[in-house]
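Chemist: Quick one: sequence and predicted model below, then my questions.
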Amino acid sequence: MRAEINPFQSARFPAHGEVQIDWVGRMLCIRARGPFNAEFMLRATQALASIRTGRPADGLYLEWVHWMDSMLMPPEAWDRLALSVQRFVDADLHGRLNLVIAAPDVEARWLMLPRLQALWGQSRPVEVFDDLESAQRRAEAVLAAWPPLPA
């Protein structure tokens, strides 16, 4: 199952940002390229809600979030993201671990990363990586310790 949001999809006000969302076994892989606006966050969180229906039946999965270019978003976009995260937590639809990848040169990393860690950290462990290789090794170790996907 895959969902993709891009700025070329029609909307009343153009969405700013891009995200690609895929299931890979027990990993919900989110690749996000900002900056983002509130219109984008609304559509992205709707896409996440629909794709989460494909989560493993036992609910055991990790969220892999790879930020590229920029993490910058205005307060309205942040509010929509935070509300969405809270709704997923309230419905017990969130991952059991977040692996966050953001290179040190990603715009607004210094500002947004602590806020995201605090938001997600209320409901699950959050681990941050500067590079994909380190995050991939950690994901492999976590997934190896978890049971295989139910048939």
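Modeler: Yep, that arrived.

Chemist: Tell me the helices and strands packed up against the longest helix along the chain.
Modeler: Secondary structure of the chain per DSSP state H: the longest helix is helix 75-90. Judged by 3 or more CB pairs under 8 Å, 6 or more residues apart in numbering; DSSP states H and E, helix 75-90 is in contact with helix 38-51, helix 109-121. (Glycine included, C-beta is placed from N, CA and C.)

Chemist: most neighbours per residue, which of the ones you listed?
Modeler: Highest mean neighbour count among these (mean count of other CB atoms under 10 Å): helix 38-51, with a mean of 19.

Chemist: returning to that earlier point: out of the helices and strands packed on helix 75-90, which is closest to Gln136?
Modeler: Between Gln136 and those, the shortest separation by CB to CB is 19.2 Å, and it involves helix 109-121.

Chemist: how distant is the helix or strand following that closest one from the center of its chain?
Modeler: Next in sequence after helix 109-121, counting helices and strands by DSSP states H and E, comes strand 126-129. Averaging C-alpha positions (CA atoms, centre = their mean, to the nearest Å) puts strand 126-129 12 Å from its chain's average.

Chemist: which strands and helices sit next to strand 126-129?
Modeler: Using 3+ CB pairs under 8 Å, 6+ apart: strand 126-129 touches strand 97-102, helix 109-121, helix 132-145.

Chemist: which outside residues touch the longest helix of the chain?
Modeler: 36-38, 40-42, 45, 48-49, 52, 73, 94, 115, 119-120, 122-123 (CB atoms under 8 Å, 6 or more residues apart in numbering).

Chemist: quick one on the thing from earlier: mean pLDDT for the helices and strands packed on helix 75-90 - can I get that in a markdown table?
Modeler: Converted to a markdown table, these look like this (pLDDT from 0 to 100):
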| stretch | mean pLDDT |
| --- | --- |
| helix 38-51 | 88 |
| helix 109-121 | 97 |
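
Chemist: ok now the longest helix of the chain, how far from the chain's centre?
Modeler: The answer for helix 75-90 is 12 Å, by CA atoms, centre = their mean.
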